[in-house]
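Novice: Dropping the sequence and predicted coords here.
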Amino acid sequence: MPNRRLLSGLLLLALAGCGSDPFATLRPEGYPFPEGFVWGVATAAHQVEGGNDKNDWWAWEQRPGTIKHGHKSGDAVAFARVYAQDADLAKGLGQNAFRMSIEWSRIEPEKGKYDAAQIRYYHDVFAALRTRGLRPFVTLFHFTLPLWAAAQGGWESQETIRDFERFAAFCAREYGADVDHWATFNEPNVYANFGYMAGTWPPGRKDDIPAFLRVMANEMVAHGKAIKALRAGDTVDAGSGTACRAGLVTHVIVIDPVSAWNPVAALAASIEDQVFNMAIIESLRTGRFAVNVPGLGQIDVSDPDLAGSADYLGINYYRREIAEGINVHATLPGVPRNDLGWEIYPDGMYRWLDRLRQTNLPLYVTENGAPDAKDAFRPRYIVQHLMRVWQAIAAGAPVKGYFYWALTDNFEWAEGYEGRFGLYRVDFERSNTSRIETQSARVYRQIATANRLSADLIREYGR
């Protein structure tokens, strides 16, 4: 690993939090976001729709021990039946956008065979959103593969890359009049990590470093080809003033060494940051996905369609991790944590948005949220993270929008129904269509409706 990366990692840590605090003396008028700022909530098909029984996640859930408490997605939160009511909730929160995904296995349950009823279903969803003033931000791959694609090797297979390109072209032609903002993948790094390193997601491989790197590289090649297909197929302006804006959503984690003066920890943090965070982001510009971890693994894949393959970058930010060594993480005493044990670290939002100015891409915070079953700390979480978003914009970061994860409680993958992220609580014992407003929803509504952080909200929750 080049010394410049180690030095830049140490410098980033040293500079974190430096500079004057723009909230030290509160402005009576509050802190406005730019005109036209995008406010939204985020969802994913398998987590909310219910009945997605033709993908690899559904099959994975049927295996004993794969999901906490033996939970299964089942009917999820019945979004496929009550999407109009959920769109009403989003509109009532003062939102102007709605992030969702298209379930590939609904559209193409068998390879090359399309389901007309399910194709119509997504048209109906998009119509429900647009009539309520909600622009759809649509992801094509949010962790689930059709069973037939998984059977042919999933993202280890070149055939799946070709099939995904074809799927993207189909969606562009079919839904171009409904959608302006596309994302090819959600969190390709997370998908590869949990499926091929942790072994807790399908296909359940553990510590398979060659497959982990190969899958990430193939996802990025597939992204480039899907972007080309989206741009060619979606030439209709659906209302945002542009025919097609297509990008990628990636997960970013602040990875700090346990001590800036510990060379092993500092090197480990730098390597993990490059592998998990930066290799994907850099490949969007260079067209080259390259990772080299001495003694562990390496890959170097280039594709001409990958270079310049993003009109925007979506980032999902949730937490910080503290490195002691490669894949050896420390737990800092006394730091606030959410219900899943992740450190709550709002400063990381500013650090990442400021850092990503170098991409010269429009930025969207496509996910940010907290599992908080009692809704005890989430209002503070929302305000404090949005304070850092505002601060990054003020410093010059081209942040165009923010999506809270999630509108409702939902199926949280291997965590089952334990992680409660929803602005609206779902009482699963009573009804999976129940929607119970939280204080977090009221706080988020106040911010989005006014397009600003008020001084009162910062006094109450920002300290």
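Specialist: That came through, no problem. Numbers count the residues shown, from 1 in each chain.

Novice: Residue 392: neighbouring residues, count only.
Specialist: Other residues within reach of residue 392, judged by other C-beta atoms under 10 Å, total 23. To be clear about C-beta, it is placed using only N, CA and C from the backbone, and glycine gets the same treatment.

Novice: actually residue 311, not the one I wrote
Specialist: 18.

Novice: In contact with the nearest residue in space to it that is not next to it in sequence: list those residues for me.
Specialist: Setting aside the residues directly before and after it, residue 311 is nearest to residue 245 in space (C-beta to C-beta, 6 or more residues apart in numbering), at 4.6 Å. By C-beta atoms under 8 Å, 6 or more residues apart in numbering, residue 245 lies in contact with 180, 181, 182, 311, 312.

Novice: CA atoms of stretch 362-380 as PDB?
Specialist: The C-alpha coordinates for stretch 362-380 follow below in PDB (Å, rounded to 0.1, in the frame of the first residue of the first chain):
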ATOM      1  CA  PRO A 362     -23.500  15.600  -7.800                       C
ATOM      2  CA  LEU A 363     -23.900  13.800  -4.500                       C
ATOM      3  CA  TYR A 364     -27.100  12.400  -2.900                       C
ATOM      4  CA  VAL A 365     -27.300  10.900   0.600                       C
ATOM      5  CA  THR A 366     -29.400   8.000  -0.500                       C
ATOM      6  CA  GLU A 367     -29.600   6.300   2.900                       C
ATOM      7  CA  ASN A 368     -29.000   7.500   6.400                       C
ATOM      8  CA  GLY A 369     -31.000   6.300   9.500                       C
ATOM      9  CA  ALA A 370     -31.000   4.600  12.800                       C
ATOM     10  CA  PRO A 371     -32.600   1.500  14.200                       C
ATOM     11  CA  ASP A 372     -34.300   2.700  17.300                       C
ATOM     12  CA  ALA A 373     -37.300   0.600  18.400                       C
ATOM     13  CA  LYS A 374     -38.300   3.100  21.100                       C
ATOM     14  CA  ASP A 375     -37.700   6.200  19.000                       C
ATOM     15  CA  ALA A 376     -35.600   7.500  21.800                       C
ATOM     16  CA  PHE A 377     -32.500   8.900  20.100                       C
ATOM     17  CA  ARG A 378     -33.500   9.000  16.500                       C
ATOM     18  CA  PRO A 379     -34.900  12.600  16.400                       C
ATOM     19  CA  ARG A 380     -31.400  13.700  17.600                       C
END
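
Novice: ok, what's across the strand from residue 424?
Specialist: Per DSSP bridges, the residues bridged to residue 424 are residue 408, residue 437.

Novice: is it true that it touches residue 433?
Specialist: No. Counting by C-beta atoms under 8 Å, residue 424 stays clear of residue 433, with 10.9 Å between them.

Novice: Need the residues that contact stretch 48-55.
Specialist: 45-46, 58, 73-81, 103-106, 109, 144-147, 150, 406, 408, 410-411, 432.

Novice: What about the residue nearest to residue 311? Give its phi and psi, please.
Specialist: phi -120, psi 120 (degrees, to the nearest 10).

Novice: quick one: it from residue 239, how far?
Specialist: 12 Å (C-beta to C-beta, to the nearest Å).

Novice: Likewise for residue 368?
Specialist: Residue 368 is 25 Å from residue 239, by C-beta to C-beta.

Novice: sorry, back to before: same drill for residue 424 and residue 433, tell me which one is more crowded.
Specialist: Between residue 424 and residue 433, residue 424 has the larger neighbour count (other C-beta under 10 Å), namely 21 against 16.

Novice: so who does the more buried one touch?
Specialist: 89, 407, 408, 409, 435, 436, 437, 438, 441.

Novice: For residue 439, see how far away it is.
Specialist: 12 Å.

Novice: which residue ranges form the strands in the stretch 251-400 of the chain?
Specialist: With strands called from DSSP state E, counting those that start in this stretch, the stretch 251-400 of the chain shows them at 288-293, 297-302, 313-325, 328-330, 363-367, 399-405.

Novice: TSV for the ones you listed, including mean pLDDT, distance to residue 30 and mean neighbour count?
Specialist: Listed next are those as TSV, based on pLDDT from 0 to 100; distance: least, C-beta to C-beta, whole Å; neighbours: other C-beta atoms under 10 Å:
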stretch	mean pLDDT	distance to residue 30	mean neighbour count
strand 288-293	94	42	19
strand 297-302	96	47	15
strand 313-325	98	23	21
strand 328-330	95	38	14
strand 363-367	99	19	26
strand 399-405	98	16	24
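
Novice: okay, those in JSON lines with distance to residue 233 next?
Specialist: JSON lines is the format used below for the strands of the stretch 251-400 of the chain (distance: least, C-beta to C-beta, whole Å):
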{"stretch": "strand 288-293", "distance to residue 233": "24"}
{"stretch": "strand 297-302", "distance to residue 233": "25"}
{"stretch": "strand 313-325", "distance to residue 233": "20"}
{"stretch": "strand 328-330", "distance to residue 233": "43"}
{"stretch": "strand 363-367", "distance to residue 233": "22"}
{"stretch": "strand 399-405", "distance to residue 233": "24"}
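
Novice: ok, the residue nearest the centre of the chain to residue 355 distance?
Specialist: Most central in the chain under C-alpha atoms, centre = their mean is residue 316, positioned 4.0 Å from the mean C-alpha point. Distance, residue 316 to residue 355, using C-beta to C-beta: 15 Å.
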